[in-house]
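Novice: predicted model, plus sequence, below.
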Amino acid sequence: MLVSLATALSLAGCSTEIAGDGSLARTVTTETPPDAEAGPDEQTSTTLPAFAAGLLPATAFGPDAVAEPLLAADRDNGDPRQLPDGAVWSDPECATSSESSAPEPDSYAGQSVIVGSSLFIQSVQSPFEGTPQDPRTYADGRGPCQSGTLTLADGSTVTLTFTTLGVGELGDLRGGRRIDSAGVTANGLSYTSAVLTADVVDGERVCSLGMFSLVPNEPVDENAFRELVAAAFQYQHDALG
């Protein structure tokens, strides 16, 4: 998922529409108390994924953060992880790593959060073994795809390079990666971007977080990201047990 997330965001330029990777099977219903006043656009009941309680509240990302749930339908409606027709990887290992892999049913909750010029993707899922979010699937933080160039049908290119990102001694297993992208558009404009990702295992669950700047050529704050990873892990641990 992380390779494909970096690729999709790089190809999309400054797009703020991110599709989710999830399955919405088991749900819980929360009803508005009789004495509560619901707004005109509010529903009297809300259907949420079972792990939704383990997702950070939007305010944890920043005072002006806007969060949107990632649902199973997002995968079916224009999932950006599917590469455009005619796109070719220079390294076959990267093509394999970018293939989509949905979490098992009854085990996923996710959200996208925009705050300022940063986009965050958070998920909590179970089981984690053998999924792209299993830290053991990318040895030394890079995995089988360590660097590669994607060429699109219009001639534009994006080169991705993977490096290890330490996230501290969290959980039972943990892994982090920094994915740097250098792109050249079809009309010759160059740009760079970076994605920070982390996966931390808690029993049979894995808490994952990704961060991307929506503004090309803007640096990302690794220290602030590490703090948010630790907060996300602890929040889901306390909420889900």
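Specialist: Done, it's in. This one's a predicted model, so the numbers in the text were calculated from it and none came from an experiment.
Novice: okay, Ala58 and Ser90: tell me how far apart.
Specialist: Ala58 is 38 Å from Ser90, where distance means C-beta to C-beta, to the nearest Å. C-beta coordinates here come from the backbone N, C-alpha and C atoms, glycine included.
Novice: low-confidence regions, the chain specifically.
Specialist: Along the chain, the model assigns pLDDT under 70 to residues 1-48, 71-84, 95-106, 130-132, 138-144.
Novice: the longest helix belonging to the chain packs against which elements?
Specialist: Longest helix in the chain, counting residues (DSSP state H): helix 222-240. Identification of packing neighbours for helix 222-240 by 3 or more C-beta pairs under 8 Å, 6 or more residues apart in numbering; DSSP states H and E yields strand 118-125, strand 190-202, strand 205-213.
Novice: and of those, who's closest to Gly183?
Specialist: strand 190-202 (5.2 Å; C-beta to C-beta).
Novice: buried stuff in the closest one?
Specialist: 191-202 (16 or more other C-beta atoms under 10 Å).
Novice: pipe those into TSV and attach distance to Pro63 per row.
Specialist: Below are those laid out as TSV (distance: C-beta to C-beta, whole Å):
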residue	distance to Pro63
Tyr191	29
Thr192	28
Ser193	25
Ala194	24
Val195	24
Leu196	21
Thr197	24
Ala198	23
Asp199	27
Val200	25
Val201	31
Asp202	28
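Novice: out of those residues, the closest to Phe120 would be?
Specialist: Leu196 (9.7 Å).
Novice: identify the bridge partners of the closest one.
Specialist: Taking DSSP bridges as the rule, Leu196 bridges to Arg178, Met211.
Novice: buried residues, the longest helix of the chain. List them.
Specialist: 222, 225-226, 228-230, 232-237, 240.
Novice: export that helix as PDB, just CAs?
Specialist: Taking C-alpha atoms only, helix 222-240 is exported to PDB below (Å, rounded to 0.1, in the frame of the first residue of the first chain):
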ATOM      1  CA  GLU A 222      10.300  13.600  10.600                       C
ATOM      2  CA  ASN A 223      10.400  14.400  14.300                       C
ATOM      3  CA  ALA A 224       6.800  15.600  14.400                       C
ATOM      4  CA  PHE A 225       5.800  12.500  12.400                       C
ATOM      5  CA  ARG A 226       7.500  10.200  15.000                       C
ATOM      6  CA  GLU A 227       5.600  11.900  17.800                       C
ATOM      7  CA  LEU A 228       2.300  11.500  15.900                       C
ATOM      8  CA  VAL A 229       3.100   7.800  15.300                       C
ATOM      9  CA  ALA A 230       3.600   7.200  19.000                       C
ATOM     10  CA  ALA A 231       0.400   9.100  19.800                       C
ATOM     11  CA  ALA A 232      -1.600   7.000  17.300                       C
ATOM     12  CA  PHE A 233      -0.200   3.800  18.600                       C
ATOM     13  CA  GLN A 234      -1.000   4.600  22.200                       C
ATOM     14  CA  TYR A 235      -4.500   5.900  21.400                       C
ATOM     15  CA  GLN A 236      -5.500   2.700  19.600                       C
ATOM     16  CA  HIS A 237      -3.900   0.600  22.400                       C
ATOM     17  CA  ASP A 238      -5.900   2.400  25.100                       C
ATOM     18  CA  ALA A 239      -9.200   2.500  23.000                       C
ATOM     19  CA  LEU A 240      -9.200  -1.100  21.700                       C
END
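Novice: pull the residues that contact it.
Specialist: 51, 53-56, 60-61, 120, 122, 124, 165-168, 170-171, 176, 178, 196, 198, 200, 202, 205, 207, 209, 211 (C-beta atoms under 8 Å, 6 or more residues apart in numbering).
Novice: can you flag the buried ones in those?
Specialist: 51, 54-56, 60-61, 120, 122, 124, 165, 167, 170-171, 176, 178, 196, 198, 200, 202, 205, 207, 209, 211.
Novice: burial count for Asp91?
Specialist: For Asp91, the tally of surrounding residues (other C-beta atoms under 10 Å) stands at 16.
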